[in-house]
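Engineer: The amino acid sequence is not available; the structure is as follows:
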């Protein structure tokens, strides 16, 4: 491990043992650790880093001008870099805390594809339902992915504890309470004696939760953040034969309608002449 330090020993920087590459072209300083990696990974996806690099074009070109990252530990930054520099062809399994760090940093630094990866990995891990709901809400993750967590809370024999309720938002607590009550009523209607919310049919409970939390509205074709509103594409005006411009819409129907109208007017003129 290479060490850079001042003469008085106050400032002491070290090269990270795994993420300081000779062929790297951007150097980051995180705490007292230098990382020399490849700029491409940060520019190909993150608008945050594109803007930051533009503000200081010379930053990160050497150890002495390293691009300083604050509010992150060197250990956590290494977890983010691992996503790109994993030494094995098959991605090794990592614990929940590892992917929570990746989720945090990818959200803060605007890496949308890495964020989706973190969500996919978290979906495969066993996470307590309350913690999962809190996490997904914090990072604005597709709420429809929380259906299994909501079901677990509804099927538990006991209601949520006071501590759990204080961690969740009020509308979530009220929603779980409403779903449990509706599940009990459905179980009673089906003939169950002394029913609990756990006695409701799984399919029926899912319908209740979809209705209470409006989960279908949050469903997307890809996992991760909530769906964004679609922006219509409007083609620019095109020059006509006489040099003027003709109006066009996304489908080009305006020009077609104008031509039809002109044809109709010509036919009317012909009939009048006769």
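Structural biologist: Arrived safely. If you're wondering where the values come from, they're calculated on a predicted model, not measured in any experiment.
Engineer: And the pLDDT for residue 244?
Structural biologist: Predicted confidence (pLDDT) for residue 244: 43.
Engineer: And the strands in the stretch 1-150 of the chain, which stretches?
Structural biologist: 3-5, 12-20, 26-30, 33-37, 67-69 (DSSP state E, counting those that start in this stretch).
Engineer: Could you export those strands as JSON lines, including mean pLDDT and distance to residue 85?
Structural biologist: (Each C-beta comes from the backbone N, C-alpha and C, glycine too.) Output for the strands of the stretch 1-150 of the chain, formatted as JSON lines (pLDDT from 0 to 100; distance: least, Cβ to Cβ, whole Å):
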{"stretch": "strand 3-5", "mean pLDDT": "49", "distance to residue 85": "22"}
{"stretch": "strand 12-20", "mean pLDDT": "96", "distance to residue 85": "7"}
{"stretch": "strand 26-30", "mean pLDDT": "98", "distance to residue 85": "14"}
{"stretch": "strand 33-37", "mean pLDDT": "98", "distance to residue 85": "8"}
{"stretch": "strand 67-69", "mean pLDDT": "96", "distance to residue 85": "17"}
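Engineer: Now render those as TSV, adding mean neighbour count and distance to residue 95.
Structural biologist: Below are those laid out as TSV (neighbours: other Cβ atoms under 10 Å; distance: least, Cβ to Cβ, whole Å):
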stretch	mean neighbour count	distance to residue 95
strand 3-5	12	30
strand 12-20	16	18
strand 26-30	21	21
strand 33-37	21	22
strand 67-69	16	23
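Engineer: could I get these as TSV with distance to residue 46?
Structural biologist: Below are these laid out as TSV (distance: least, Cβ to Cβ, whole Å):
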stretch	distance to residue 46
strand 3-5	27
strand 12-20	17
strand 26-30	12
strand 33-37	13
strand 67-69	13
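Engineer: just so I know, which of the ones you listed lies nearest residue 181?
Structural biologist: strand 67-69 (48.6 Å; Cβ to Cβ).
Engineer: where along the stretch 151-274 of the chain do the strands fall?
Structural biologist: Going by DSSP E, counting those that start in this stretch, the stretch 151-274 of the chain shows strands at 238-239, 245-246.
Engineer: which residues touch the closest residue to residue 81 other than its chain neighbours?
Structural biologist: Of all residues not flanking residue 81 in the chain, residue 19 sits nearest, at 5.0 Å (Cβ to Cβ, 6 or more residues apart in numbering). Contacts for residue 19 (Cβ atoms under 8 Å, 6 or more residues apart in numbering) come out as 35, 36, 37, 78, 81, 85.
Engineer: Around the residue nearest to the third one when sequence neighbours are not counted, count how many other residues there are.
Structural biologist: Read it as residue 37. In this structure, residue 37 finds its nearest non-sequential neighbour in residue 24, 4.9 Å apart by Cβ to Cβ, 6+ apart. Using other Cβ atoms under 10 Å, residue 24 has 15 other residues around it.
Engineer: What backbone torsions are found at residue 24?
Structural biologist: The phi/psi pair for residue 24 (degrees, to the nearest 10) reads phi -70, psi 160.
Engineer: just to revisit the earlier point, nearest to residue 90, out of the strands of the stretch 1-150 of the chain?
Structural biologist: strand 12-20 (18.5 Å).
Engineer: report the angle between the axes of the closest one and strand 26-30?
Structural biologist: 130 degrees (axes from the mean of the first three to the mean of the last three Cα atoms, to 10 degrees).
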